[in-house]
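Participant: sequence and predicted structure, then a few things I'm wondering about:
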Amino acid sequence: MRNRRFKLFSLTAAMLLFTNSGVSSPASTVSPIQTTVSVNGFEIKKPLIPVTDRFTLANGMRVVFSEDHSAPVVSCVLVYDVGARNEKKGRSGFAHLFEHMMFEGSENVGKTEYFRYVESTGGTVNASTHSDFTNYFEKVPSNQLELALWLESDRMRSLKVTQENFENQLQTVKEEKRLRIDNQPYVPAELQMEELAYDNWANKHPVIGSFEDLDASSIADIRQFFKTYYAPNNAVLAVVGDFDRKQATALVHKYFDSIPAQPIPATPSVAESVQQKDKYLKVDDPHAPTPAFWMTWKAPARRQGDYYALGVLQKILSTGTSSRLYQRMVKGDQVALSASADYDERRGPSLFESQVVFKPTTTAEKARTIVWDELEKLKKEPVSQEELDKAKNQILRDMFSSAGYYTLQRSVGRAELLAEYISFYGDSSFLDKDIEEYLKVTPQDIQKAAKDVFTREGVTVVDAVPTHPAGEASP
């Protein structure tokens, strides 16, 4: 269960990965053959993730395969096109609840048995909910692909959506909120920041939802949500790793063909108005050891407008100890304990935010003045080529860092990227186009993005103020 800050990612490792992968080229309408292109001095293999087959079942479920026989493992990822933004006002929290419900048993799988089946093979399993999608994955030894497909199909077809399971998982979600949100420093303030920054309820309410909404829901509401969104025609299945394409195709048909499609759900409106006046909120935080604040702006959706320039700009501002905010606020002026920037990218209106945890010996106003000064420099002075290349290299490195969740060194990372790109855009090759666009970003693009986004009237500021007595440690 993870929060998602979607970022694209390094390339030398990718060339090695796929050069040595032994990927075969079966007869298919989709070609896995790679070519090399040059973008602003970077040599890139395309496609980064070779697709060896892609097809759609009669019930509408889209399927994509990428064979890689370099290790005897295979990963399956199912992305459902449902997240918090699909919820109805008064019925929030359903998307996240089903991330839990999906492990509560189905027609042929008992409660807790899902984990036991996968982990007994040496495999791993997990899931995550986001504002605009939900995903599930299994990574198993190659000879256990059928097990993974059977498990996913059984719960898609026959999940046990019972009153008992609903009430049980509602209590689990409540405990998760107490543990991960209510009793963590700064997290409640961050959620209130998002609620204040957005105007549209579809965007602003938290993924974990409202317990009042869940408590007021009936089992009929829960079943209808599952029927609407957990349908094959609302899902993309990606299979990546060491498997035989013909055998895998037969297994997909065997387990998923008979699951009926459902009416296509309406696409939610996520439109946001242009912010005309700055917003401010003070949040008392009994768990915060020191004061902090957020400065946040509405930003373009993925693959729109200044999206790529903002991705590079974020690296320049706050990635590593050589970043601008660290050098100025932590090392130089020594007013902050930490200073970061993040681009929370969504398929709709997104947020670009800066969080600063500052020293009690300074003030929020002084620290914010420094942030504004750094943003104004980005508007007025082109970044150096050295700084620009470093930021692009960091974007590339992220994709292949062994610790990265979406790393292309892991079959799970490749499967998730394939499933997400096909679910979001209908085309996995957009991953390659995105890498090229990041590498094409110029100093002028960064100046434009800074001017477009970081306006005084468009900022939302939230102060997190410690409420424990001075000198007393927070609980």
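Facilitator: On my side now, so go ahead. Residues are numbered from 1 along each chain as shown.
Participant: buried residues in stretch 195-203?
Facilitator: By neighbour count on 16 or more other CB atoms under 10 Å, the buried set for stretch 195-203 is 195-198, 200-203. (C-beta placed from N, C-alpha, C; glycine too.)
Participant: same deal with stretch 143-150?
Facilitator: 144-150.
Participant: run the chain-centre distance for the helix or strand harbouring residue 389.
Facilitator: If you go by DSSP states H and E, residue 389 is part of helix 385-400. For helix 385-400, the separation from the chain centroid amounts to 20 Å (computed by CA atoms, centre = their mean, to the nearest Å).
Participant: likewise for stretch 324-338?
Facilitator: 28 Å.
Participant: could you look up the SS state of residue 152?
Facilitator: Counting by DSSP: H, G, I helix; E, B strand; the rest coil, the backbone at residue 152 sits in helix.
Participant: count of residues packed around it?
Facilitator: Close neighbours of residue 152, defined as other CB atoms under 10 Å, add up to 22.
Participant: roughly how far does it sit from residue 143?
Facilitator: As judged by CB to CB, to the nearest Å, residue 152 and residue 143 stand 17 Å apart.
Participant: kindly report the same for residue 290.
Facilitator: 53 Å.
Participant: equivalent analysis for residue 227, please.
Facilitator: According to CB to CB, residue 227 stands 34 Å off from residue 143.
Participant: do residue 320 as well
Facilitator: Distance of residue 320 to residue 143, computed by CB to CB: 42 Å.
Participant: over to residue 286?
Facilitator: Separation of residue 286 from residue 143 (CB to CB): 52 Å.
Participant: picking that back up, CA-only coordinates of the helix holding residue 389 in CSV, if you can.
Facilitator: C-alpha atoms of helix 385-400 as CSV (Å, rounded to 0.1, in the frame of the first residue of the first chain):
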residue,chain,number,x,y,z
GLN,A,385,23.5,23.5,-19.1
GLU,A,386,25.3,21.7,-16.3
GLU,A,387,22.4,22.0,-13.9
LEU,A,388,20.0,21.0,-16.7
ASP,A,389,22.0,17.9,-17.7
LYS,A,390,22.2,16.9,-14.0
ALA,A,391,18.5,17.1,-13.6
LYS,A,392,17.9,15.0,-16.7
ASN,A,393,20.3,12.4,-15.6
GLN,A,394,18.5,12.2,-12.3
ILE,A,395,15.2,11.6,-14.1
LEU,A,396,16.9,8.8,-16.1
ARG,A,397,18.6,7.3,-13.1
ASP,A,398,15.3,7.0,-11.3
MET,A,399,14.0,4.6,-13.9
PHE,A,400,16.8,2.2,-13.4
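Participant: export the helix or strand just after it as CSV, just CAs?
Facilitator: Using DSSP H and E, the helix or strand that directly follows helix 385-400 along the chain is helix 411-425. Below are the C-alpha coordinates for helix 411-425, written out as CSV (Å, rounded to 0.1, in the frame of the first residue of the first chain):
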residue,chain,number,x,y,z
SER,A,411,9.6,-7.1,-14.1
VAL,A,412,7.0,-5.6,-11.7
GLY,A,413,8.1,-2.1,-12.6
ARG,A,414,7.9,-2.8,-16.3
ALA,A,415,4.5,-4.5,-16.0
GLU,A,416,3.1,-1.6,-14.0
LEU,A,417,4.3,0.9,-16.5
LEU,A,418,2.9,-1.1,-19.4
ALA,A,419,-0.5,-1.5,-17.7
GLU,A,420,-0.7,2.2,-16.7
TYR,A,421,0.3,3.6,-20.1
ILE,A,422,-2.3,1.4,-21.9
SER,A,423,-4.9,2.1,-19.3
PHE,A,424,-4.3,5.9,-19.3
TYR,A,425,-3.4,6.6,-22.9
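Participant: contacting residues around helix 411-425?
Facilitator: With contacts defined as CB atoms under 8 Å, 6 or more residues apart in numbering, helix 411-425 is touched by 49, 51, 54, 62, 64, 66, 68, 71, 73-79, 81, 133, 135, 137, 139, 235-241, 302-303, 347, 404-408, 427-428, 430-431.
Participant: starting at the chain centroid, how far to stretch 115-123?
Facilitator: 25 Å.
Participant: what's the neighbour count on the closest residue to residue 174 other than its chain neighbours?
Facilitator: Using CB to CB, 6 or more residues apart in numbering and skipping residues adjacent in sequence, the residue nearest residue 174 is residue 211, 6.0 Å away. Look at residue 211: counted by other CB under 10 Å, it has 14 neighbours.
Participant: same check on residue 191?
Facilitator: Number of residues near residue 191 (other CB under 10 Å) recorded here: 18.
Participant: just checking, it touches residue 184?
Facilitator: No. With contacts counted by CB atoms under 8 Å, residue 191 stays clear of residue 184, the gap being 10.5 Å.
Participant: what's next to the helix or strand hosting residue 78, contact-wise?
Facilitator: Here residue 78 sits within strand 73-80, counting by DSSP H and E. Applying CB under 8 Å, 6+ apart, the external contacts of strand 73-80 come out as 133-142, 144-145, 148-149, 152, 156, 229-230, 234-243, 410-412, 414-416, 418-420, 423.
Participant: out of these, name the ones that lie in strands.
Facilitator: Members of the contacts of strand 73-80 lying in strands (criterion: DSSP state E): 134-141, 235-241.
Participant: between these, which is closest to residue 217?
Facilitator: Of all those, the one sitting nearest residue 217 is residue 134; the distance, using CB to CB, is 17.8 Å.
Participant: contact partners for that closest one?
Facilitator: Counting by CB under 8 Å, 6+ apart, residue 134 touches 79-80, 82-83, 95, 98-99, 127-128.
Participant: so what's it bridging to?
Facilitator: residue 80, residue 129 (DSSP bridges).
Participant: give me the distance between it and residue 85.
Facilitator: Per CB to CB, residue 134 is found 11 Å from residue 85.
Participant: now do residue 417
Facilitator: From residue 417 across to residue 85, the span is 21 Å (CB to CB).
Participant: restricted to helices, list the buried residues of stretch 143-150.
Facilitator: If you go by DSSP state H, the buried residues of stretch 143-150 have 145-150 in helices.
Participant: let's have the residues you listed in TSV, adding distance to residue 309 and pLDDT.
Facilitator: Formatted as TSV, these follow (distance: CB to CB, whole Å; pLDDT from 0 to 100):
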residue	distance to residue 309	pLDDT
145	41	98
146	45	98
147	45	98
148	39	98
149	41	98
150	45	98
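Participant: show me which of the residues you listed is closest to residue 262.
Facilitator: Using CB to CB, those come closest to residue 262 at residue 149, 20.4 Å.
Participant: so who does the closest one touch?
Facilitator: Per CB under 8 Å, 6+ apart, neighbours of residue 149: 76, 251-252, 255-256.
Participant: now do residue 89
Facilitator: residue 201.
Participant: quick one: which of the contacts of residue 134 is nearest to residue 461?
Facilitator: Among those, residue 83 lies closest to residue 461 (CB to CB), at 26.8 Å.
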